[in-house]
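In: After the sequence you'll find the predicted model.
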Amino acid sequence: MKMEVLRVMSYRKHLIHIMHFNNVFQYLFSDKDGKIYQDHIFFPASFWNFIKYKLNLRASPYTVKEKEAGEDIVLNGAIVSIDALEDKKE
């Protein structure tokens, strides 16, 4: 299994890692106490692109827009989670 890190960014003093493997997009971040938070979504590629990928006719089963959409979905989830954690502390 190959895991690809799509983005690493900082938000409200938390370092967010956005990753992709198989048909899963995932985020990871930790808080100041060292607790690690993660969540993921299953985001299958379109059937024909997946078949082309398996036949080595494409480099990736996802189009650029599909990969960006998966990345945006989990990034928004990470931001909402961090906001909820920070608001709870205040």
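Out: Right, received. Where do you want to start?
In: For the helix or strand hosting Val74, buried residues please.
Out: Per DSSP states H and E, Val74 falls inside helix 64-89. Neighbour-count burial for helix 64-89 flags 66-67, 70-71, 74-75, 77-79, 81-82 (criterion: 16 or more other CB atoms under 10 Å). The C-beta positions use only the backbone N, C-alpha and C, and glycine is treated the same way.
In: can you list the weak-confidence ranges in the chain?
Out: Confidence mapping of the chain against pLDDT under 70 gives the ranges 1, 90.
In: In contact with Pro44, which residues?
Out: Applying CB atoms under 8 Å, 6 or more residues apart in numbering, we find Pro44 in contact with 23, 50.
In: and it, which of the three is it?
Out: coil (DSSP: H, G, I helix; E, B strand; the rest coil).
In: if I pick Leu15, what's in contact with it?
Out: So Leu15 contacts 8-9, 29-30 (CB under 8 Å, 6+ apart).
In: Please disregard the earlier target; I meant His14.
Out: Contact analysis of His14 by CB under 8 Å, 6+ apart lists 29-31, 82.
In: out of these, which are inside strands?
Out: Of these, the ones assigned to strands by DSSP state E are 29-30.
In: just curious, which of the contacts of His14 is nearest to Ala45?
Out: Ala45 has its nearest neighbour among these in Phe29, at 25.8 Å by CB to CB.
In: any idea how far the closest one is from Asp83?
Out: Computed as CB to CB, to the nearest Å, the Phe29 to Asp83 distance reads 12 Å.
In: And for Glu68?
Out: For Glu68, the distance to Asp83 equals 22 Å [CB to CB].
In: tell me the SS of the nearest residue to Ser81 once chain neighbours are set aside?
Out: Nearest residue to Ser81 in three dimensions, chain neighbours excluded: Tyr37, at 6.1 Å (CB to CB, 6 or more residues apart in numbering). Under three-state DSSP, Tyr37 falls in the strand class.
In: Next up, phi/psi of Thr63, please.
Out: Dihedral angles of Thr63 (phi, psi; degrees, to the nearest 10) stand at phi -80, psi 170.
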